[in-house]
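Visitor: structure for this input, please:
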Amino acid sequence: SFADVGQLAQANIAQRKAQEFYDEVQRIVKGVVEGDKGKAAIIVKLRNQLTNGKTVPEHVMKVFEEESKRYLSLDEMSPEANIIRGYLEWVAALPFGVQVKEDIDLAHARKILDEDHYGLEDVKQRVLEFIAAGKLRGNLTGKVLLLVGPPGVGKTSFSSSIARALGRPYARVSLGGEGDPSMLKGHRKTYIGAYPGKLVAALRECGSENPVILLDEIDKLGKSEFHGDPQSALLEVLDPNQNSAFTDNYLDFPIDLSKILFICSANILDTISAPLLDRLDVIQLSSYTRDEKRAIFYRHLLPRAMNSSGLDRVGIPVEIEPKVIDILIDQYAREAGVRSLEQLTKRLLEKLAFQVVSGNRPPVLKVTEEALTKHLGLPKFPKERYFRETPKGVVCGLAYTEFGGSILYIEATQSSFLAASGLTGASQQVVAGLKTTGSLGKVMKESMQIAYSFAKSFAFRDLANSFLETNEVHIHCPEGAVPKDGPSAGVAIVSALLSLALQRPLKQHVGMTGEISLRGKVLKIGGVKEKTLAAKREGLQEVIFPKDNEEDVRQLPETLREGLHFHFVRDYREVYSILFPSAAADLQRPGEAGAIA
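Guide: Predicted coordinates for the structure are as follows:
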C-alpha cells in the first residue's frame, strides 16, 4: 500500500542520515587525534628545509615560527591553513646564506666567452674588465650591466655565458609587456591566489643568494594608470644602496639582493626612464658584419641546424658554397643579428632532410644558388638599389633602426605648377610650402621643417635661388608602411631640396647622415657601425658623417672601412662642396652657411 511505501522511504532516509552522522564523527575524531600530528610533521619538515645548511636571519626565523603557530592552531581543511602552508613552503625554499663559490679567472672567462660568441670584442673586453675589478675587490657586486643592441645580436646568450664563466647559477626574468609592479614585488598574501614576485621566484629556482639574473627587455616594460610603473619598482631592485633590504609584498620581510649580479637587456634606450638608466652601466652590442655572420654560420648555426634536422646522424655531408652563404646573408637575412639567419639555415636543412627521407640520398648534399632559391623562394631583399643613379631631388641617406642599419632614400619633388603655368588666377594661389609623407615620426617631421627652413635660406642667400620660396615641395621617404623617426636625416633632406631647387643631381654613390641645425651646423649622430655596414652592403663609395663622429669611425674594423671614402663635416657648406663639386663656385658669400640673422 501507499502507507507501507512511505514508511519504507522514511526508514531508508533515517538510516542514511545515521550513517552520515557516524562518518562525520569518525572524521572529526581522526582529525583531532592524527591531524595535529600531521601538521606538526609538516612544520618539522619545513623547519629542517629552512635551516639545514643555511644561515637564516633572525627576523625570518621569527616570522616562520609565528606563522607555524598559526598554522597549527587552524583546522587542516580550512582555506587559511592552506594559504599559510603555501607561505611557509616559499619561505623554507629560499636560499638564505647559501652562496656558490664563483670562479673569478680571467683566462677561463675569456675562453668561455670566445667559445659561445664570435666577435663582440669590445663587449668581451668590457665584461673582462668588470670581472678583473671584481677580483681585486673580492666580489662582483655594485654594478648593473645593461646590454643594448638590435634583436638577435646575442644579448640573452651573452648573459648566460657570463654566468657560466663565473660558475654562478643563472635565471632569466622576462619583463617585456609587464605593466604591474606586483610582477616584481609580489602580491600581498591577503589576496586569494597571491604569490611572490619574479625575483623571489628566481632566487628559489637558482638555490643561491649570488646568482646571475637577466632582466630581459626592460625597454618594453609597460605602465598602468591603475597598477603603477614597473620601472620605478626596478629602482629599488637595481640600486646597490637599497637592494640589501628588498621587501617582497608576499613575504613581507626584507631579503638581501645585493649579492646578485643583475644584467639587463634592451633593444633601445629611448623608453628607459632617466633615473633607471642612471643606475645602469650601458654596453652597446652592434650589428654583425658579413664576415662575422659567415664565421658564426660555420661555427654555431650550421652545426645546430645539422643536429636539429637529424642530418648529422645519416652520415651524408652537407656542402654549401661560400657564394650561397653570402647570398643567404645579404638577400635573405639582412638584419643586425643572426636570428633570421639561423631560422633560414634550419629551414634549408629541413628541406634537405625531407629529400633524404623521401629516398633521394646522394653521396653529398650540395646547396647551390639554384637550390637556395628552390628551397627558400625568391630573395626577401632586392639585390639592386632602388636608384643605381640618383636623379635630381633624390638623396641616399643612412638610417639606423632597432633592427640594424639601412639606406633611406629621400625624394623631393615640386608639387605646385599653377603659378608657373601662366593660367588665369595663378597669382592668387599660395604655392610655397612643404608636404611630407612616408610614415614619419614627430622628431623626423620637426627635422624636415628645420631642413626646409635652412634650405630656403641657403638657396636664397648663398645660391641666389628662389625656387623654394615660390614653389610647394613634397618630400617622401619610401617605404611608406615602415615607420621612421629621428633627427639624423637633416643633412640628406637639405641636399634633396637643394638638388630639386638647382635641378641638378647630386654626386653619385654617396650616402650621408647628420642632424642639421637652423644655422647649418652638422651635429653628431648614433649608429655609426650600422650605417657604415649599410653603405658598404649597398655598394656606396663615399659617406658623409659629422666631424664629431670621426673617432667612432676610426674605431671600426679596417675590413669594414675598406672600400669606403669618409668625409667628416662640421658645416653644410662642406657638404654642398662634396655633393655639387662643379657648383661649389656658385656660393655667393663666405662665412656661416645660410645663417639666419
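Visitor: count the neighbours of the residue nearest to residue 205 when sequence neighbours are not counted for me.
Guide: Nearest in space to residue 205, with sequence neighbours left out and distances taken as Cβ to Cβ, 6 or more residues apart in numbering, is residue 171 at 5.3 Å. Heads up, the C-betas are built off the backbone N, CA and C, glycines and all. Residues near residue 171, counting by other Cβ atoms under 10 Å, number 20.
Visitor: and residue 171, how far is that from residue 58?
Guide: The spacing between residue 171 and residue 58, counted by Cβ to Cβ, to the nearest Å, is 27 Å.
Visitor: residue 89 now?
Guide: 21 Å.
Visitor: pLDDT averaged over the helix or strand where residue 305 lies - what is it?
Guide: If you go by DSSP states H and E, residue 305 is part of helix 302-309. Looking at helix 302-309 alone, the average pLDDT works out to 90.
Visitor: give me the longest strand you can find in this protein.
Guide: When every strand of the chain is counted residue by residue (DSSP state E), the longest turns out to be strand 404-414.
Visitor: which elements pack onto that one?
Guide: The criterion is 3 or more Cβ pairs under 8 Å, 6 or more residues apart in numbering; DSSP states H and E, and the helices and strands that strand 404-414 contacts are strand 394-401, strand 472-476, helix 490-502, helix 528-537.
Visitor: just the buried positions in that strand, please.
Guide: Along strand 404-414, these residues count as buried under the neighbour rule (16 or more other Cβ atoms under 10 Å): 404, 405, 406, 407, 408, 409, 410, 411, 412, 414.
Visitor: do stretch 318-335 as well
Guide: 318, 320, 324-325, 327-335.
Visitor: pLDDT and distance to residue 577 added to these, as a markdown table?
Guide: Formatted as a markdown table, the entries for those read as follows, by pLDDT from 0 to 100; distance: Cβ to Cβ, whole Å:
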| residue | pLDDT | distance to residue 577 |
| --- | --- | --- |
| 318 | 88 | 53 |
| 320 | 88 | 47 |
| 324 | 90 | 43 |
| 325 | 91 | 41 |
| 327 | 89 | 38 |
| 328 | 90 | 41 |
| 329 | 88 | 36 |
| 330 | 84 | 33 |
| 331 | 85 | 36 |
| 332 | 87 | 40 |
| 333 | 86 | 39 |
| 334 | 81 | 33 |
| 335 | 82 | 36 |
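Visitor: which of those residues fall in helices?
Guide: Within these, membership in helices is found for 324, 325, 327, as judged by DSSP state H.
Visitor: what sits against the first one?
Guide: Residues in contact with residue 324, defined by Cβ atoms under 8 Å, 6 or more residues apart in numbering, are 367, 368, 369, 371, 372.
Visitor: where's the closest residue to residue 139 other than its chain neighbours relative to residue 537, distance?
Guide: If the residues on either side of it in the chain are set aside, residue 139 comes closest to residue 259, at 7.7 Å by Cβ to Cβ, 6+ apart. When Cβ to Cβ is applied, the distance between residue 259 and residue 537 equals 45 Å.
Visitor: again, but for residue 206
Guide: Noted for residue 206: a distance of 42 Å to residue 537, by Cβ to Cβ.
Visitor: please say which of the two ends up with more neighbours.
Guide: residue 206 (21 against 17).
Visitor: and residue 141, which of the three is it?
Guide: Assigned state for residue 141: coil (three-state reduction, DSSP: H, G, I helix; E, B strand; the rest coil).
Visitor: would you quantify the distance from it to residue 70?
Guide: To residue 70, residue 141 is 36 Å away according to Cβ to Cβ.
Visitor: more neighbours: those two, which one.
Guide: The residue with more neighbours, out of residue 141 and residue 70 and counting by other Cβ under 10 Å, is residue 141; that gives 18 against 14.
Visitor: for residue 325, see how far away that one is.
Guide: When distance is defined by Cβ to Cβ, residue 141 is 43 Å away from residue 325.
Visitor: and for residue 579?
Guide: Distance, residue 579 to residue 325, using Cβ to Cβ: 36 Å.
Visitor: which element, helix or strand, includes residue 13?
Guide: helix 2-30.
Visitor: surely residue 198 meets residue 184?
Guide: Yes: with contact defined as Cβ atoms under 8 Å, residue 198 reaches residue 184; the gap is 6.2 Å.
Visitor: if we can go back for a sec, show me what contacts the residue nearest to residue 139?
Guide: For residue 259, the contacting residues are 99, 139, 141, 209, 210, taking Cβ under 8 Å, 6+ apart as the criterion.
Visitor: OK, contacts around the residue nearest to residue 205?
Guide: Per Cβ under 8 Å, 6+ apart, neighbours of residue 171: 202, 205, 206, 211, 212, 213, 214.
Visitor: related to what we said a few turns ago, neighbour-wise, which one of the contacts of residue 324 leads?
Guide: Counting neighbours by other Cβ under 10 Å, the top entry in the contacts of residue 324 is residue 372, with 22 neighbours.
Visitor: give me the three-state assignment for it.
Guide: Counting by three-state DSSP, the backbone at residue 372 sits in helix.
Visitor: against residue 369, how distant is the closest residue to it other than its chain neighbours?
Guide: If you skip the residues right next to it in sequence, residue 372 has residue 324 as its closest partner in space, 5.3 Å away by Cβ to Cβ, 6+ apart. Computed as Cβ to Cβ, the residue 324 to residue 369 distance reads 6 Å.
Visitor: pLDDT score assigned to residue 431?
Guide: Among the per-residue scores, residue 431 shows a pLDDT of 63.
Visitor: compare residue 89 and residue 58 and say which is more crowded by neighbours.
Guide: Neighbour tally, residue 89 and residue 58, criterion other Cβ under 10 Å: the higher count belongs to residue 89, 14 against 7.
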